[in-house]
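# With the sequence up front, the predicted model follows.
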Amino acid sequence: MKGIINAKNLNLWYGETQALKNINIEIPEKSITALIGPSGCGKSTFLKILNRMNDLIPIVKIKGDIYYNGKDIFEKSIDVNSLRRDIGMVFQKPNPFPMSIYDNIAYGPRIHGIKGKQRLDEIVENSLKDAAIWDEVKDRLKKNALGLSGGQQQRLCIARALAVKPKVILMDEPTSALDPISTSKIEELSLKLKDKYTIIIVTHNMQQAVRISDNTAFFLLGELIEFGKTEEIFSNPLDKRTENYITGRFG
Amino acid sequence: MRSRFDEQLSILNKKLIVMGALCEEIIGISSDALLNGNSDKLENVKIIGSEIDRMEEEIEGICLKLLLLEHPVASDLRQISAALKMITDMERIGDQAEDIAEIIGFLNGRTGEECKEIRKMAETAIKMVNDSVDAYVNTDLELARSVYSFDDIVDDCFLKTKNKLIDMIAENKTDGEYPLDLLMIAKYIERIGDHAVNIAEWVEYSLTGVHKDNNKD
């Protein structure tokens, strides 16, 4: 499978603290890649760097390269807005905007210059359908999104990410605040979405990584220790540190 | 932080070792009766067989509980799934040793002395069972792998035994039942060898993550 994101000798510092150490990884497209590791291992930092969210932090220093579809994302000519349109993000805590369900979804497309009610209606409907929440909200599109349940809010956020037609969706522990039923809906949705999108998910739930991801990357103290097929990583990891982490011997 | 899980795994391990020892004991008794006419302990065979069956159930319960509660991965998953598979083979070994013991009762004191391959077969199969169980106990990969090669000896002996018994029937040297009983015993011993190979393969899988049969092209 072709790599869509390629990190080469990537290092990142928060001030004096090095959070990522010489990361080399090629993420295959149209598949789910799980990033696992104990808190503070650098997995969320790595996730956020992919659509340049760390740029907002003044003390961050980055060395090394990340290529998205062969293009260096730190190049001056790269438009960060269009990068973030291609590489969307879903956060740990559902964060719908305090506006209607419809406007939540239409927000992105509007910013990117899409006007016309019919076109926006289409995008809203398709995005909500793709995020498997259309049937639950189709009769209340004008209602405030904050009235939805946590699980629905998270799927709404996924729909919002889908509305701008991204290629990659970054998910930072998207189900850690959800109950098992909502979690399983998000997991099933992720499996469906990987036909069209590349998904990179940070998770602390080992079983979730096993259930949905094709490949798993294990981070520890800022290093990428092991990256490979999920089945291999969880049945026969090559590195003792991976084994010790996933079997709960530390972390 | 996973002390409870480690404790459970250690219990599982100990139970498997006990079950393996019972398998060694039961085929030891059966073959001693067959080869040396020493039938003093034959009556224990049924008791040990029942204990093996009970242990299979008990270990299966422990494994399923661990799968449910701990969602094991990596070496833990391999150890538990290997245990689940091994106990099936151990239970079969117990059954076949019981079957052999039952047939010995019909031999009227004869020990298959006409057929020296049966002795070699039984001795080899016992060694295979002992070695595969020891390989598990001592996490000895080389010992587990060494078991595979003995299977050829057992298979070869079985073939020779079969041919000898066919000759015996053709020459009309004995009543028809005796060679057939011997053939059944030989077949059970041959199967015990196969189960020992299975156990050794699961030991290898548990230690390396690679199962011999899945590695063939």
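Here it is on my side, so go on.
# Show me the residue at the heart of chain B, geometrically.
Centroid-nearest residue in chain B: B:Ile93, 3.9 Å away (criterion: CA atoms, centre = their mean).
# Are we agreed that that one is in a helix?
Yes: the assignment for B:Ile93 (DSSP: H, G, I helix; E, B strand; the rest coil) places it in a helix.
# Would you mind confirming that it is in contact with B:Ile126?
No: judged on CB atoms under 8 Å, B:Ile93 makes no contact with B:Ile126 at a distance of 10.4 Å. Where C-beta positions appear, they are placed from N, C-alpha and C, glycine not excepted.
# Pull up the overlap in contacts between the two.
Each of B:Ile27 lies in contact with both B:Ile93 and B:Ile126 under the rule CB atoms under 8 Å, 6 or more residues apart in numbering or on different chains.
# Chain B contacts on the stretch 101-250 of chain A?
If contact is defined as CB under 8 Å from any CB of the partner chain, the residues of the stretch 101-250 of chain A in contact with chain B are A:206-207, A:210, A:234-237, A:242-243, A:246-250.
# And those residues, which is closest to chain B?
Of all these, A:Asn236 has the smallest distance to chain B: 2.8 Å, by CB to the nearest CB.
# got a list of what that closest one touches?
Contact partners of A:Asn236, counting by CB under 8 Å, 6+ apart, are B:74, B:78, B:208-210.
# which one of these has the most neighbours?
Of all the contacts of A:Asn236, the most densely surrounded is B:Arg78 (21 neighbours; neighbours counted as other CB atoms under 10 Å in any protein chain shown).
# For the residue nearest to the spatial centre of chain A, name its beta-bridge partners.
Nearest to the mean C-alpha position of chain A, by CA atoms, centre = their mean, lies A:Leu170 at 1.3 Å. The residues listed as beta-bridge partners of A:Leu170 by DSSP bridges are A:Met89, A:Ile200.
# list the contacts for it?
For A:Leu170, the set of contacting residues under the criterion of CB under 8 Å, 6+ apart consists of A:47-48, A:50-51, A:87-90, A:200-201.
# Where does confidence bottom out across these?
Across those, no position has a lower pLDDT than A:Asn51, which has 91.
# quick one, what contacts that residue?
Contacts here follow CB under 8 Å, 6+ apart; on that basis A:Asn51 touches A:83-84, A:87-89, A:168, A:170.
# Which parts of the chain are helices?
No chain specified, so I'll use chain A. A:43-49, A:80-86, A:101-111, A:117-130, A:134-137, A:150-162, A:180-193, A:206-212, A:230-235, A:240-246 (DSSP state H).
# Chain B is the one I meant
Using DSSP H, helices in chain B cover B:3-36, B:44-70, B:74-104, B:116-137, B:141-170, B:177-208.
# Against which helices or strands is the third one packed?
Helices and strands in packing contact with helix B:74-104 are listed as helix A:230-235, helix A:240-246, helix B:3-36, helix B:44-70, helix B:177-208; criterion 3 or more CB pairs under 8 Å, 6 or more residues apart in numbering or on different chains; DSSP states H and E.
# Can you list the buried residues in it?
Buried residues in helix B:74-104, defined by neighbour count with 16 or more other CB atoms under 10 Å in any protein chain shown: B:74-87, B:89-101, B:103-104.
# circling back: tell me which of the helices of chain A sits most buried.
Across the helices of chain A, averaging neighbours per residue (mean count of other CB atoms under 10 Å in any protein chain shown) puts helix A:150-162 on top, at a mean of 24.
# closest point of chain B to chain A, which residue?
Taking CB to the nearest CB, chain B has B:Gly209 as its residue nearest chain A, at 2.8 Å.
# which non-adjacent residue is nearest that residue?
In space, and not counting its chain neighbours, B:Gly209 is closest to A:Asn236: 2.8 Å by CB to CB, 6 or more residues apart in numbering or on different chains.
# shaky segments in chain B?
Applying pLDDT under 70 to the predicted model, the residue ranges of chain B that meet it are B:1, B:214-217.
# what's around the residue lying closest to B:Asn38 once chain neighbours are set aside, how many residues?
Residue nearest to B:Asn38 in three dimensions, not counting chain neighbours: B:Asp32, with 4.7 Å by CB to CB, 6+ apart. One way to gauge burial is a neighbour count; for B:Asp32, by other CB under 10 Å, it gives 17.
# separation between B:Asp32 and B:Gly105?
B:Asp32 sits at a distance of 14 Å from B:Gly105 (criterion: CB to CB, to the nearest Å).
# And B:Asp175, by the same measure?
Separation of B:Asp175 from B:Gly105 (CB to CB) stands at 16 Å.
# residue contacts, B:Gln96?
With contact set as CB under 8 Å, 6+ apart, B:Gln96 has these partners: B:188-189, B:191-192, B:195.
# just to revisit the earlier point, of the contacts of A:Asn51, closest to chain B?
For chain B, the nearest member of the contacts of A:Asn51 is A:Leu170. The distance, counting by CB to the nearest CB, is 24.6 Å.
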